[in-house]
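> Below is the sequence, then the predicted model.
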Amino acid sequence: MRFRILTVVWLLPWVLAAQDLNKLGVPNPPKPDIPYLIHGSRLVELEQGEASEEVKKNELRYWVAGGAATSKTPLAAPEFLFDSAEIDPRDLKLYGFEVVKGRREILFRKKKKVVAEPYFLQLEGIEARVVRIRINASLAPGEYCLTPDGRNTVFTFAVF
């Protein structure tokens with residue numbers, strides 16, 4: 001009898017977490033440390049890449065090749081699921097890209113002033129490592145990325 005009670009107590013957090021995902025109507029993110037767009041009852045993996053750094057005329061830019069992301073959403077306020085194994089979701093920042101000469105770029109610093117302002121993100125714990133990421137603004141059509149603070153890794157998507 002004691003073994004059954006311990007088993008139930010031990011399994012309770014996982015059962016409750018699974019119910020949270022069931023309320024969302026989406027599966028668990030298949031891969032850790034990659035944000036997924038929530039599209040109804042399915043998840044869309046964001047395109048992962050490395051941003052290149054460019055310093056020119058007292059400006060710091062980060063850019064990604066290609067004018068458009070492969071992950072797209074019609075939602076002006078998209079939501080994401082993220083399973084954090086190595087990347088702390090509190091370190092994720094959302095920036096808008098400007099498309100210039102066939103590449104997506106962010107003017108991060110001009111002279112010594114930081115000019116790139118991230119959007120405010122709201123994190124909601126779903127289960128032990130899975131969080132729902134919400135944006136507290138409406139995004140205009142364009143190119144965007146989620147990036148962990150202090151890294152050049154970018155997860156890109158487009159709002160159309």
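Sure thing, it's come through.
> from here on, contacts and neighbour counts on C-alpha atoms
Fine.
> Could I get the contacting residues of Asp120?
You called it Asp, but residue 120 is Phe. For Phe120, the contacting residues are 93-94, 135-137, taking CA atoms under 8 Å, 6 or more residues apart in numbering as the criterion.
> out of those residues, which one sits closest to Gly25?
Top of the list for closeness to Gly25, among the contacts of Phe120 and by CA to CA, is Ile135 at 19.7 Å.
> Secondary structure element holding Lys23?
With elements taken from DSSP states H and E, the one containing Lys23 is helix 2-24.
> How many residues are close by Phe82?
Here the number of neighbours of Phe82 (other CA atoms under 10 Å) works out to 26.
> Checking it next. Helix, strand or coil?
Phe82 carries the three-state label strand when classified by DSSP: H, G, I helix; E, B strand; the rest coil.
> Wait, it touches Ala128, no?
No - Phe82 lies out of contact with Ala128 (CA atoms under 8 Å); the separation is 11.2 Å.
> number of nearby residues for the closest residue to Arg90 other than its chain neighbours?
Using CA to CA, 6 or more residues apart in numbering and skipping the chain neighbours, the partner closest in space to Arg90 is Leu123 (7.7 Å). If you count neighbours by other CA under 10 Å, Leu123 ends up with 16.
> ok, now which ones touch Leu123?
Shown here is Leu123, whose contacts under the criterion CA under 8 Å, 6+ apart are 89-90, 131-134.
> So which of those is the closest to Pro30?
Distances from the contacts of Leu123 to Pro30 were compared by CA to CA; the smallest belongs to Val131, at 13.6 Å.
> about what we covered before: write a PyMOL command that selects only the buried members of the contacts of Leu123.
What follows is the PyMOL syntax for the buried subset of the contacts of Leu123, where burial is set by 16 or more other CA atoms under 10 Å:
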select buried, resi 89+131+132+133+134
